[in-house]
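Chemist: any chance you can model this:
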Amino acid sequence: MILMALDHTRDFLGVGANPVDLATTTSSLFFTRWITHFCAPTFFLLTGTSAYLSRRGKSDSQLSWHLFTRGAWLILLKVTVFRCLALQFNFDYRTTLLLVLWALGWAMIALSVLIYLPRPAIATFGLVLILGHNAVPALSAHDTRARAVLFYYLVHFALIHLIAVVVCYARYGEVHWLFESPSIAQAPFTSPPGWGLSLPWVYLFWAIVVCSLYPLCSWYAGIKQRSRHPLLSYL
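Modeler: Reported below is the predicted structural model:
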């Protein structure tokens, strides 16, 4: 989760150069992106691991409902609160990025059906997805800490975007670009002219984001620990 925040801080505050284009990137920029590319695959791995571990204390029907409702909730959260108040800062749905939360939500819904299959069939399905991934490019586009994780995910995007707004205002005297995403090429926001901080500044703001979120996430984890209200399990 900490490395993920570095990648998103670079996305919002860093220079626009493609970090994996060897013709234009630098070694520090390349490895900053390289070390963070493990994050999303790990989230999916842990989603499946969590589903497997949850099976020990639930019947198939209970686990199926658990996975289905949480998957549907992630999809709803992605296209409403997360899209408008954290990632893109606008309500212009002509351009909407459907990324990790969207994919995780549908993955959980798929798991809610797959759990009824024998384990060899589930394993075969997983191998087909992994080995056949590049054949379908158009489709590839419980403790209390768990995982204050969704809470952290939502809040860290909003905080990084807010920092970008502040930096933009300090630099240009206006911030309208940070609330505009008229096309995929200009999403999650439109880059102002000459936008982008050097990598040391990106690392500094990354440290600020992570340190700022630690007490907030600890506070929320404490709330989840003290209360077993079922609604809290959705965030």
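Chemist: can you report how many residues lie near Lys58?
Modeler: 15 (other Cβ atoms under 10 Å). Quick note: C-beta positions are derived from backbone N, CA and C, even for glycine.
Chemist: please identify the helix or strand for the closest residue to it other than its chain neighbours.
Modeler: Nearest in space to Lys58, with sequence neighbours left out and distances taken as Cβ to Cβ, 6 or more residues apart in numbering, is His66 at 6.6 Å. In the assignment (DSSP states H and E), His66 maps to helix 60-77.
Chemist: and for Asn18?
Modeler: Using DSSP H and E, no helix or strand contains Asn18.
Chemist: you'd agree it is up against Phe30?
Modeler: No - Asn18 is beyond contact range of Phe30, at 9.8 Å (criterion: Cβ atoms under 8 Å).
Chemist: higher neighbour count, those two?
Modeler: In terms of neighbours (other Cβ under 10 Å), Phe30 is the more surrounded of Asn18 and Phe30; the figures are 15 against 12.
Chemist: where does that one land on pLDDT?
Modeler: pLDDT, Phe30: 94.
Chemist: what residues sit buried inside whatever helix or strand Gly105 lives in?
Modeler: Per DSSP H and E, Gly105 falls inside helix 100-114. Neighbour counts over helix 100-114 (16 or more other Cβ atoms under 10 Å) mark 100-105, 107-109, 111-112, 114 as buried.
Chemist: dump the residue contacts of the closest residue to Ala187 other than its chain neighbours.
Modeler: Counting by Cβ to Cβ, 6+ apart, Ala187 lies nearest to Ser181, which is 4.0 Å off, once chain neighbours are set aside. Taking Cβ atoms under 8 Å, 6 or more residues apart in numbering as the criterion, Ser181 is in contact with 88, 90, 92, 95, 97, 187-190.
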